[in-house]
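K.L.:
sequence first, then the predicted structure, then my questions.
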Amino acid sequence: MYYYMDFATVIRRIEAAGPRHRLDIGDPDLPPPPELLEALGRVGDMRYGPPEGLQAFREAVASIFGVDPGEVVAVAGGRHGLAALMWIFRKRRLLTTRPYYPGYFEIANVFDIPLGFVETGDGWVPQFAERGVYVVNYPNNPTGAVLPRHKVKELVDVAEFIISDEIYRDISFVEFTSPLELSPNVAVVYSFSKVFSVPGLRLGVVIAPRDVAREVARFNKATINVPPTHAQRAIASVIDILPKRREEVSAAYRRRAELAERLLRLPFVKPGGAFYLFPRVSEGCFDKALAAGVSVLPGELYGRGGHVRIALVEPEEQLAEAFSVLNEVC
Ligand code: PMP
């Protein structure tokens, strides 16, 4: 069924149905930190800034990640950083794992870049054997998988370069290893959308070797000129709240994943992080669940039919109600 492949069509169908439980898009329901909202209210300076980001912002992020400010470039959200990096490496063999985040597919399509796939087996763990430039995402959307350290080593050993989408790195329930810990040939894409529940703010960073970082700044200049400066100023001024916020959001999403392990009677791999479940389901689950008031997303959008993606973006009590509907119809 072709219409399943088109994200916008699926979302239009969901909106027309007006379900009681919206567990489709990954829009965090936890409120943003009040310190950040106050800081955003205080920022009066909205002039242009440099395409690589304000120095104060780059220094604040560099201090948290333990890197050099020259390796940090501000971008207008994680997706913008991914687009920059996929464009920079467009002439190389680009590979990603399947199921995949549909954003990679959309970016590759817009730039007309071929994208190869590496299939994942049990527990959504791939075998990394082919040489190339990898786009990987752990903790993973849609599966919640986190690679054990020996697998990250396997990846680093075969990859010519790694674009590591670490948008969910703050939401881990198991030990998370970034490829950046094992290799210098890595660009990390990070975003404040999920950790601070502010996807509309459009701010993220790329952390990369200086030559790649300079190319990302060039992409900024060509596409958006300057990443949002008020957001950079506000986030730089409250960067100290990040470690505590990580703990809080990880704990909240972990409780929801544990609730699913107790209540949801569909087969799924226990997530190691992020806030998604990717269970195997019976035919027609998406439609039946939508008709019964619960929206999820069809696995076809992620390159894997026979599954749906459930975003854990409601409080526990409401999730429990949605799980019982899914148990019934899927
Ligand atoms: N990568 C992954 C895997 C995501 O799930 C998302 C958001 N759903 C993004 C990147 C982009 O997030 P943003 O552009 O808001 O930072």
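P.N.:
All right, it came through fine. Residues are numbered from 1 along each chain as shown.
K.L.:
which stretches of this protein form strands?
P.N.:
For the chain, strands defined by DSSP state E occupy the ranges 21-22, 72-75, 94-98, 115-119, 132-137, 159-165, 186-191, 204-207, 276-277, 294-295, 297-298, 308-311.
K.L.:
these into JSON lines, with extra columns for mean neighbour count and distance to residue 38?
P.N.:
C-beta: built from backbone N, CA, C; applies to glycine. JSON lines is the format used below for the strands of the chain (neighbours: other Cβ atoms under 10 Å; distance: least, Cβ to Cβ, whole Å):
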{"stretch": "strand 21-22", "mean neighbour count": "20", "distance to residue 38": "28"}
{"stretch": "strand 72-75", "mean neighbour count": "29", "distance to residue 38": "21"}
{"stretch": "strand 94-98", "mean neighbour count": "22", "distance to residue 38": "39"}
{"stretch": "strand 115-119", "mean neighbour count": "15", "distance to residue 38": "42"}
{"stretch": "strand 132-137", "mean neighbour count": "24", "distance to residue 38": "32"}
{"stretch": "strand 159-165", "mean neighbour count": "23", "distance to residue 38": "30"}
{"stretch": "strand 186-191", "mean neighbour count": "26", "distance to residue 38": "21"}
{"stretch": "strand 204-207", "mean neighbour count": "28", "distance to residue 38": "21"}
{"stretch": "strand 276-277", "mean neighbour count": "28", "distance to residue 38": "31"}
{"stretch": "strand 294-295", "mean neighbour count": "26", "distance to residue 38": "33"}
{"stretch": "strand 297-298", "mean neighbour count": "24", "distance to residue 38": "34"}
{"stretch": "strand 308-311", "mean neighbour count": "26", "distance to residue 38": "28"}
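K.L.:
of those, which is nearest the ligand?
P.N.:
Nearest to the ligand, of all the strands of the chain, is strand 186-191, at 3.0 Å by Cβ to the nearest ligand atom.
K.L.:
can I get the CA coordinates of the closest one in PDB?
P.N.:
Extracted C-alpha coordinates of strand 186-191, given in PDB (Å, rounded to 0.1, in the frame of the first residue of the first chain):
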ATOM      1  CA  VAL A 186      33.000  11.000  13.500                       C
ATOM      2  CA  ALA A 187      30.500  13.900  13.300                       C
ATOM      3  CA  VAL A 188      28.000  13.900  16.200                       C
ATOM      4  CA  VAL A 189      24.600  15.400  15.600                       C
ATOM      5  CA  TYR A 190      22.900  16.600  18.800                       C
ATOM      6  CA  SER A 191      19.800  18.600  19.400                       C
END
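K.L.:
mind starting the numbering at 482 from now?
P.N.:
Happy to do that; since the first residue is 482 now, the last one works out to strand 667-672.
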